[in-house]
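Trainee: from the sequence below, what's the structure:
(4 chains)
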There are 2 protein chains.
Amino acid sequence: MLNYSEIDSILRALVEPTRRQILERLSRGPATVSQLAEPFGMTFAAVLQHLQTLEACGLIRSEKIGRVRTCRIEPGGLAPLADWITERRIPAERHLDRLGQILAETGQSPSKVQDQEKDEQT
Amino acid sequence: MLNYSEIDSILRALVEPTRRQILERLSRGPATVSQLAEPFGMTFAAVLQHLQTLEACGLIRSEKIGRVRTCRIEPGGLAPLADWITERRIPAERHLDRLGQILAETGQSPSKVQDQEKDEQT
DNA sequence: GGAATAGTTAAGCATGGACTTGAGTATTGC
DNA sequence: GCAATACTCAAGTCCATGCTTAACTATTCC
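Mentor: Residues are numbered from 1 along each chain as shown, chains lettered A, B, ... in the order given. Just a heads-up that it's a prediction; the model follows:
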């Protein structure tokens, strides 16, 4: 089973538009904190907080050489969320398949079919 | 290009743990508002607000028959987010591939390779 | 028709998180 | 050494959002 709080921290990181923009910028190549802060109409400190959030949940990685910190995408960072989505899409689609199948076979009312499916929750 | 605010509304919906739990419950089959509210230690009205949020961004669908509203998963609801993730993973991985390739071919320092890649931003 | 049920809406409170300010530290260039 | 650069940290403000309460509507059962 997947780590619940990992998904939580990734979603909390991605929900902020500025952080998504930072990710887009970094997906085109590494950048320093100054370079990342420059295009945004906000303070250096604010961007730094976003970077810390992104790094804390494993979406980016950074390395400080001298006084310069360079940030880059953590390649597998989005994998947990991608997996979470996959896990939630498959049951939903299987459910639909079974529903359609049973309806076609028996011609029962949808409510009766739903009652049947309740019993098979795994 | 993908609709920016669609991703935004989906992420805002998913970031709330209660709403993710509601989705998990619904992925096992349809449920009424009362049924969905029951397991949560919060008021009916609060759960209703979550349901409205989920429906507004296309993650669930609901239908009212008589005085009972039945909710179910909207099968394609997570697709825009899944696509967004895919689009962001591929460039990141391609970048890594190119970096490795160039390093292997030329034996240059990583910083020089990064400078080259900056110029080819599309 | 009237009570019970199922849901809906609006207003207000409380908390979390984004952002700013301002002060501080480490590194580099002269 | 000292000024400039690049970043770091802490405290405080402000606003969005989750939750509650309370009043309301529509439907069903007797």
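Trainee: okay, now the closest residue to DNA strand C within chain A: neighbour count?
Mentor: Going by C-beta to the nearest atom of the strand, DNA strand C is nearest to A:Gly66 of chain A, at 2.3 Å. Yep, even glycine has a C-beta here, placed from its N, CA and C like the rest. A:Gly66: 5 surrounding residues under other C-beta atoms under 10 Å in any protein chain shown.
Trainee: so which residues of chain A form helices?
Mentor: Counting by DSSP state H, one finds helices in chain A at the ranges A:4-14, A:17-26, A:33-37, A:44-56, A:79-106, A:110-118.
Trainee: weakest of these by average pLDDT?
Mentor: With a mean of 40, helix A:110-118 has the lowest mean pLDDT of the helices of chain A.
Trainee: can you list the domain ranges for chain A.
Mentor: Per the record, chain A has its domains at A:4-74, A:79-118, by automatic domain parsing.
Trainee: just those domains: most buried one?
Mentor: With neighbours taken as mean count of other C-beta atoms under 10 Å in any protein chain shown, the domains of chain A reach their highest mean count in domain A:4-74, at a mean of 16.
Trainee: and of the domains of chain A, who's closest to DNA strand D?
Mentor: Proximity to DNA strand D, assessed across the domains of chain A by C-beta to the nearest atom of the strand, is greatest for domain A:4-74 (3.1 Å).
Trainee: the closest one close to chain B?
Mentor: Yes. Judged by C-beta under 8 Å from any C-beta of the partner chain, domain A:4-74 comes into contact with chain B through A:7-8, A:11-12, A:14-15, A:17, A:20, A:23-24, A:27-30, A:73.
Trainee: kindly state the beta-bridge partners for A:Glu63.
Mentor: A:Thr70 (DSSP bridges).
Trainee: I'd say it and A:Thr70 touch.
Mentor: Yes. The criterion here is C-beta atoms under 8 Å, and A:Glu63 meets it with A:Thr70 at 5.7 Å.
Trainee: measure A:Trp84 to A:Glu16 for me?
Mentor: As judged by C-beta to C-beta, to the nearest Å, A:Trp84 and A:Glu16 stand 19 Å apart.
Trainee: can stretch A:18-37 be said to contact DNA strand C?
Mentor: Yes. Interface with DNA strand C: stretch A:18-37 contributes A:Thr18 (C-beta under 7 Å from any atom of the strand).
Trainee: my read is that A:Ser27 contacts A:Cys71, right?
Mentor: No. Applying C-beta under 8 Å, one finds A:Ser27 not in contact with A:Cys71, separated by 11.5 Å.
Trainee: residues of chain A that sit close to DNA strand D?
Mentor: Going by C-beta under 7 Å from any atom of the strand, the residues of chain A near DNA strand D are A:32-34, A:44-45, A:48, A:64, A:67-69.
Trainee: make TSV out of these and add distance to B:Ala79.
Mentor: Shown next, in TSV, are those (distance: C-beta to C-beta, whole Å):
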residue	distance to B:Ala79
A:Thr32	36
A:Val33	35
A:Ser34	37
A:Phe44	37
A:Ala45	37
A:Leu48	34
A:Lys64	39
A:Arg67	44
A:Val68	40
A:Arg69	36
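Trainee: about what we covered before: closest to B:Pro39 out of the domains of chain A?
Mentor: Taking C-beta to C-beta, domain A:79-118 is the member of the domains of chain A nearest to B:Pro39, at 14.4 Å.
Trainee: so who does A:Lys64 touch?
Mentor: With contact taken as C-beta atoms under 8 Å, 6 or more residues apart in numbering or on different chains, A:Lys64 is in contact with A:Thr70.
Trainee: quick one: residues contacting the residue nearest to A:Leu59 when sequence neighbours are not counted.
Mentor: Leaving aside its sequence neighbours, A:Leu59 sits nearest to A:Gly77 (C-beta to C-beta, 6 or more residues apart in numbering or on different chains; 4.0 Å). By C-beta under 8 Å, 6+ apart, the residues touching A:Gly77 are A:10, A:57-60.
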